[in-house]
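Asks: coords please:
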Amino acid sequence: MSDHLTVVDHPLVQHKLTLMRDKGTSTAGFRRLLRELTQLLAYEITREMPLTTTTIDTPMEEMEAPILAGKKLALVSILRAGNGMLDGVLELIPSARVGFVGLYRDEETLQPVQYYFKAPEGLKDRMVIAVDPMLATGNSSAAAIDLLKEAGANDIRFLCLLASPEGVARMKDLHPDVPIVTASLDRELNDKGYILPGLGDAGDRMFGTK
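Replies: Next comes the predicted model:
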């Protein structure tokens, strides 16, 4: 993935995203769509996972067959909304290791404040996928990537549902080596740091909170 930003324009991705944006979609429906949409995006972000071969017996004959190489993938959820994307990727790659970055946004400064960080061992030998439904200001995402790099990660990708131009620009400025995969590059941020047209607060819609 050489481009810094990949917008996945597959018809199923765009259809499911439209249903998620609709404010009439239920909490249960939102969660189901998030899982399905994350799986579709995960196909794109894992496209360059390294392969090796192993010898197997098919019902017909012995063959050298492709299999994933190296250490298990690491998935890192940016709490809390990132947790809604974990299941979708784990259904595809159940052996992945999982980590968590806890950041909340100061409503006055819009800057991220860290409250939790736990990552799998051996990050320097793993492909690391950080997940968060929204790339808004980019401040929390960039801070999470900082923590992962400090922990040794050097092959990091960022997976989100929606991105703002401001967030993409900030990530490119601070972490130009981290490709972003998203379902949509939306128009802009409002003065509260929310993406427009967006889909509201992903965490609130996922967990039924306000």
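Asks: give me the low-pLDDT residue ranges for this structure?
Replies: 1-2, 110, 210 (pLDDT under 70).
Asks: Which strand runs longest in it?
Replies: strand 97-105 (DSSP state E).
Asks: ok, and what's touching that one?
Replies: Outside strand 97-105, the residues that touch it by C-beta atoms under 8 Å, 6 or more residues apart in numbering are 72-79, 82, 86, 90, 111-120, 126, 130, 137, 139-140, 143-144, 147-148, 193. (C-beta placed from N, C-alpha, C; glycine too.)
Asks: go with 7 Å
Replies: For strand 97-105, contacts defined as C-beta atoms under 7 Å, 6 or more residues apart in numbering pick out 72, 74-79, 86, 112-120, 140, 143-144, 147.
Asks: partners of whichever helix or strand comes after it in the sheet?
Replies: Going down the chain from strand 97-105, the next helix or strand is strand 112-118, by DSSP states H and E. The strands beside strand 112-118 in its sheet (DSSP bridges) come out as strand 97-105 (antiparallel).
Asks: so how far is R187 from L103?
Replies: For L103, the distance to R187 equals 25 Å [C-beta to C-beta, to the nearest Å].
Asks: same check, this time on M60
Replies: 54 Å.
Asks: So for the two, which sits in the more crowded spot?
Replies: More neighbours surround R187 than the other of M60 and R187, with 11 against 6 (other C-beta atoms under 10 Å).
Asks: And for R21, the neighbour number?
Replies: R21, neighbours per other C-beta under 10 Å, totals 16.
Asks: Apart from its neighbours in sequence, what residue is nearest it?
Replies: Sequence neighbours aside, L199 is the residue nearest to R21 in space, at 4.5 Å (criterion: C-beta to C-beta, 6 or more residues apart in numbering).
Asks: and the one you found, what does it touch?
Replies: Per C-beta under 7 Å, 6+ apart, neighbours of L199: 20-21, 162, 205.
Asks: Now the terminal residues of stretch 64-78, how far apart.
Replies: Its first and final residues considered, stretch 64-78 spans 38 Å by C-alpha to C-alpha, to the nearest Å.
Asks: Also stretch 17-29?
Replies: 12 Å.
Asks: Give me the buried positions along that stretch.
Replies: 17, 19-21, 25 (16 or more other C-beta atoms under 10 Å).
Asks: repeat for stretch 117-126
Replies: 117, 119-120, 123, 126.
Asks: from the chain's centre, how far out does the longest helix along the chain sit?
Replies: With secondary structure taken from DSSP state H, the chain has its longest helix at helix 27-45. Helix 27-45 sits 11 Å away from the centroid of its parent chain (C-alpha atoms, centre = their mean, to the nearest Å).
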